[in-house]
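Q: coordinates for the following, if possible.
(2 chains)
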Amino acid sequence: MSDLKSVLGEAVEAAFAAIGAPPELGRVTPSDRPDLADFQSNGALAAAKRLGKNPREIATAVADQLAGDPRLAAVEIAGPGFINLKVAEAALSDRADAIAADPRAGAASVAHARKVIVDYGGPNVAKPMHVGHLRASIIGESLKRLYRFRGDEVVGDAHFGDWGYQMGLLIGAVMDEKPAVAAVVEAINAGGQGDVSAFEQVSLADLDRLYPEAAAKGKTDTDYRDRARKITAALQTKQPGYYALWERFRDVTRVALERDFHALGVDFDWWKGESDVEPLIPPMVAELDAKGLLVDDQGARIIRVAREGETKKKKLPDGSVVTVPSPDPLLVVSSEGSAMYGTTDLATILDRKQIFGPDLIIYCVDQRQADHFEIVFRAAYLAGYATEGQLQHIGFGTMNGTDGKPFKTREGGVLKLNDLIELTRSKARERLREAGLGENLPPEEFEATAGKVAVAALKFADLQNFRGTSYVFDLDRFMSFEGKTGPYLLYQAVRVKSLLRRAAEEGVAQGPVTVAEPAERDLVLTLDAFDAALGEAYDRYAPNALAEHAYRLSQAFSRFYAACPIMQAEPAVKASRLTLAATTLRQLELALDLLGIATPDRM
RNA sequence: GCGCCCGUAGCUCAACAGGAUAGAGCAUCCGCCUUCUAAGCGGACGGUUGCAGGUUCGAGCCCUGCCGGGCGCGCCA
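A: I've put the predicted structure just below:
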């Protein structure tokens, strides 16, 4: 299944070869000037430079080679040597029929399937998800679906943050506040029996409330901090009372997390946590030591990851400036003998290598962690747990409020993800009612539709931006009646569905496509561009390329819908246009599904 | 201080490998519903791509230096 861009590219490459120019320069791209052409090749300019000839002469020679190709209606030379290609209507019609018959709606698969892990979401035990988790979930889910669709074997891992110092802090804080719980923990720790049903009084709301208090207290109160560290150490040796309480924390958190993820259409294949790789750490440290990678430094054990000559200047507390290696080393074992978060990340890479053997691990995590991942990745390469390039940090910017600062609630706190979803849903209901849409739907379907509109608004608003940059979160704009929004895309899909229902009722069948009108040309050319958009999104880890395609497709359809009446047309034209409409719907729903967006049937 | 990222229309964002006239949406203005869902379609207005140099036939994109913003900088994760 090849798109016109590739097919024409091969023809132009052959033409380049025929005149003695490097064939790879014959690459064809969609035209920058749709008024002049459908596709273009800029290769004559580069070839002229290499061969020391006039670019227009080369372009003319290439055009002569292409003359007579039945797929091309016109080949023209423009400007300094652009080769402009206009596709014949018959070739467009054939291509439309091919996409219509293709279960993948015109999309190719990768030549070599890889094993890929997408690490995203990053929820933590005892902390409800907040808006900061939204981007990781949205982008990661989309990448997971995209890679899987292209043919890779893909695993999505939530990489649950369920271990470490914060657990010790929380266990202490809960025991301080709830004597009944503390009594049970101590009884079990002492080797006795305890009624763990007492733990049921511990809710996620308690944990959410206690954690910031405990964290703050731990920073100023040394005794408090030491106790938390001791509990953490005891938990890590699975002291039974602490471990039982920790299990309660984990369970109560996971229920809430899965509810939030489910509401967003996000799901994971693995819920591996940091605790799962804890047993790997001691042997890993021994192995790193045996490989000679560990160095003692200020009482800690580190891996130096900077290469020869990589340095930076650093200001010391006394004001003097020294030159040190850069990046910083990976801190593997602290001076107190405990594992650090980088250690856990390294062990996770080792674990994944052992149980899955991935060719690629994609970390979908906030851009602010770029330095951290650079260090961990280098350490993993040095340790032989992965080879250069197999670990990719796909960083993204922050989500800001309309004031341009990191998103906060009106009260200045962090907005919980669940609250955000509810807020968005209620806005969706309101907007649907204002527009008089879905009035005749049964309540359950109306509610489901509102949910889909809400998710589409949130996700499309995020995914239309390139992941690397921060963006402004403005719910009113995302949920707007007009413009480049998720609801617009759903609306287009629903209009086609409605049309197809009517065609089915009237017994009108689809038939071969005949491209005639300009709007039909544009629609077919847009359908044809699907695979290129997928390829770009895949290669650059950039779902915005796919989001852009989905929007363009919707626009092209909407213009076609306005310009080309379907049900009133002549039978052959009607059949052709129905095929175009049905194919558009299929490709649009596929693209939206890869973005993690579901379409309702009616609205 | 050092490092990374960013600066594009009044606002929010795009721009495929360095290519032609830098594109969308919103906002503003003008048209289009007795015809398939008007959350739609057509049109207009809107730019010295932060500034100054450089490389190139050609620069929003590459290089250098400034200005402005965000983030990060081993014993939290």
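
Q: going forward, measure contacts between C-alpha atoms and count neighbours the same way
A: Will do.

Q: pull up the residues of the stretch 1-150 of chain A that are close to RNA strand B.
A: Contact residues of the stretch 1-150 of chain A with respect to RNA strand B, defined by Cα under 7 Å from any atom of the strand, are listed as A:27, A:29-33, A:36-37, A:40, A:42, A:45-46, A:49, A:78-80, A:82-84.

Q: now, those that are in strands?
A: When DSSP state E is applied, these are split such that A:29, A:30, A:40, A:78, A:82, A:83, A:84 fall in strands.

Q: count of neighbours near the last one?
A: Going back to what we said before, that points to residue A:84. The burial count assigned to residue A:84 is 26, neighbours taken as other Cα atoms under 10 Å.

Q: pull the contacting residues for it.
A: Applying Cα atoms under 8 Å, 6 or more residues apart in numbering, we find residue A:84 in contact with A:31, A:36, A:37, A:38, A:39, A:40, A:41, A:74, A:75, A:76, A:77, A:78.

Q: just the buried residues from those, in ChimeraX please.
A: Below is the selection syntax for ChimeraX that covers the buried ones among those, with 16 or more other Cα atoms under 10 Å defining burial:
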select /A:31,37,38,39,40,41,74,75,76,77
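
Q: tell me which of the contacts of residue A:84 is nearest to residue A:544?
A: residue A:31 (20.3 Å; Cα to Cα).

Q: nearest spatial neighbour of that closest one, skipping sequence neighbours?
A: residue A:39 (4.3 Å; Cα to Cα, 6 or more residues apart in numbering).

Q: tell me how many other residues crowd residue A:177.
A: Under the neighbour criterion other Cα under 10 Å, residue A:177 is assigned a count of 12.

Q: quick one: low-confidence ranges for chain A?
A: Scanning chain A with the threshold set as pLDDT under 70 gives A:1, A:314-321, A:481.

Q: quick check: domain ranges of it?
A: With automatic domain parsing as the criterion, the domains of chain A are listed as A:4-87, A:165-263, A:274-393, A:424-594.

Q: need the ones in strands among the residues of the stretch 1-150 of chain A next to RNA strand B in JSON lines (columns: distance to residue A:166).
A: Output for those, formatted as JSON lines (distance: Cα to Cα, whole Å):
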{"residue": "A:29", "distance to residue A:166": "53"}
{"residue": "A:30", "distance to residue A:166": "53"}
{"residue": "A:40", "distance to residue A:166": "58"}
{"residue": "A:78", "distance to residue A:166": "65"}
{"residue": "A:82", "distance to residue A:166": "61"}
{"residue": "A:83", "distance to residue A:166": "62"}
{"residue": "A:84", "distance to residue A:166": "62"}
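
Q: give me the element the residue most central in space within chain A is part of.
A: Taking Cα atoms, centre = their mean as the criterion, residue A:139 is the residue nearest the geometric centre of chain A, at 2.2 Å. In this structure, residue A:139 is located in helix A:132-149 according to DSSP states H and E.

Q: for the residue with the largest distance to the centre of chain A, helix, strand, or coil?
A: When distances are taken from the C-alpha mean of chain A, residue A:192 lies farthest, 47.8 Å away, according to Cα atoms, centre = their mean. Using DSSP: H, G, I helix; E, B strand; the rest coil, the secondary structure recorded for residue A:192 is coil.

Q: residues in contact with the residue of the stretch 251-400 of chain A found nearest RNA strand B?
A: Using Cα to the nearest atom of the strand, the closest approach of the stretch 251-400 of chain A to RNA strand B is made by residue A:334 at 3.2 Å. Residue A:334 makes contact with A:299, A:300, A:301, A:340 under the criterion Cα under 8 Å, 6+ apart.

Q: need phi/psi at it.
A: As for residue A:334, its main-chain torsions (degrees, to the nearest 10) stand at phi -70, psi 170.

Q: how much space between it and residue A:253?
A: For residue A:334, the distance to residue A:253 (Cα to Cα, to the nearest Å) stands at 29 Å.

Q: burial of the closest residue to RNA strand B within the stretch 101-250 of chain A, as a residue count?
A: Scanning the stretch 101-250 of chain A for the residue nearest RNA strand B gives residue A:164, at 4.5 Å (criterion: Cα to the nearest atom of the strand). Counted by other Cα under 10 Å, the residues lying close to residue A:164 total 22.

Q: how near is it to residue A:241?
A: Applying Cα to Cα to residue A:164 and residue A:241 gives a distance of 16 Å.

Q: one more: residue A:334?
A: Relative to residue A:241, residue A:334 is positioned 26 Å away (Cα to Cα).

Q: re the thing from before, for residue A:4, state which of the contacts of residue A:334 is nearest.
A: Distance to residue A:4, by Cα to Cα, is smallest for residue A:340 among the contacts of residue A:334, at 52.2 Å.

Q: on that earlier part again, between the domains of chain A, which one is nearest to residue A:149?
A: With respect to residue A:149, and counting by Cα to Cα, the nearest of the domains of chain A is domain A:424-594 at 7.9 Å.

Q: what's the end-to-end length of that closest one?
A: 21 Å.

Q: before we move on, what about stretch A:556-569?
A: For stretch A:556-569, the first-to-last residue distance is 19 Å (Cα to Cα).

Q: buried residues, that stretch. List them.
A: With the criterion 16+ other Cα under 10 Å, stretch A:556-569 contains buried residues A:556, A:557, A:558, A:559, A:560, A:561, A:564, A:566, A:567.

Q: quick one: contacts for the fourth one?
A: Under the criterion of Cα under 8 Å, 6+ apart, the contact partners of residue A:559 comprise residue A:519.

Q: that one in helix, strand or coil?
A: Using three-state DSSP as the criterion, the local structure at residue A:559 reads helix.

Q: ok, residue A:173 touching residue A:214?
A: Yes - taking contacts as Cα atoms under 8 Å, residue A:173 lies within contact range of residue A:214: 6.3 Å.

Q: picking up where we left off before, thought the residue of the stretch 101-250 of chain A closest to RNA strand B was touching residue A:231?
A: No - at 10.0 Å, residue A:164 and residue A:231 do not qualify as touching, with contact defined as Cα under 8 Å.

Q: against residue A:289, how distant is residue A:282?
A: For residue A:282, the distance to residue A:289 (Cα to Cα) stands at 11 Å.

Q: also residue A:344?
A: With the distance defined as Cα to Cα, residue A:344 ends up 16 Å from residue A:289.

Q: do residue A:246 as well
A: The spacing between residue A:246 and residue A:289, counted by Cα to Cα, is 31 Å.

Q: and those two? which has more neighbours close in?
A: residue A:246 (23 against 14).

Q: packing partners for the host helix or strand of the more buried one?
A: For residue A:246, the host element (DSSP H and E) is helix A:240-263. The contact analysis (3 or more Cα pairs under 8 Å, 6 or more residues apart in numbering; DSSP states H and E) places helix A:240-263 against helix A:165-177, helix A:179-189, helix A:204-220, helix A:222-236, helix A:417-434.

Q: which one of these lies closest to residue A:397?
A: Distance to residue A:397, taken as Cα to Cα, is lowest for helix A:417-434 among the helices and strands packed on helix A:240-263, at 17.3 Å.

Q: and the contacts of the very next helix or strand once past the closest one?
A: In the C-terminal direction, the helix or strand that comes right after helix A:417-434 (DSSP H and E) is helix A:443-463. By Cα under 8 Å, 6+ apart, the list of residues contacting helix A:443-463 from outside reads A:135, A:138-139, A:263-265, A:421, A:424-429, A:432, A:438-439, A:471, A:478-479, A:485-487, A:490, A:543-544, A:547, A:595-600, A:602-603.

Q: relative to helix A:417-434, how tilted is helix A:443-463?
A: Angle, helix A:443-463 to helix A:417-434, by axes from the mean of the first three to the mean of the last three Cα atoms, to 10 degrees: 110 degrees.

Q: compute the inter-axis angle for helix A:443-463 and helix A:240-263.
A: Using the same axes, to 10 degrees: helix A:443-463 against helix A:240-263 is 100 degrees.
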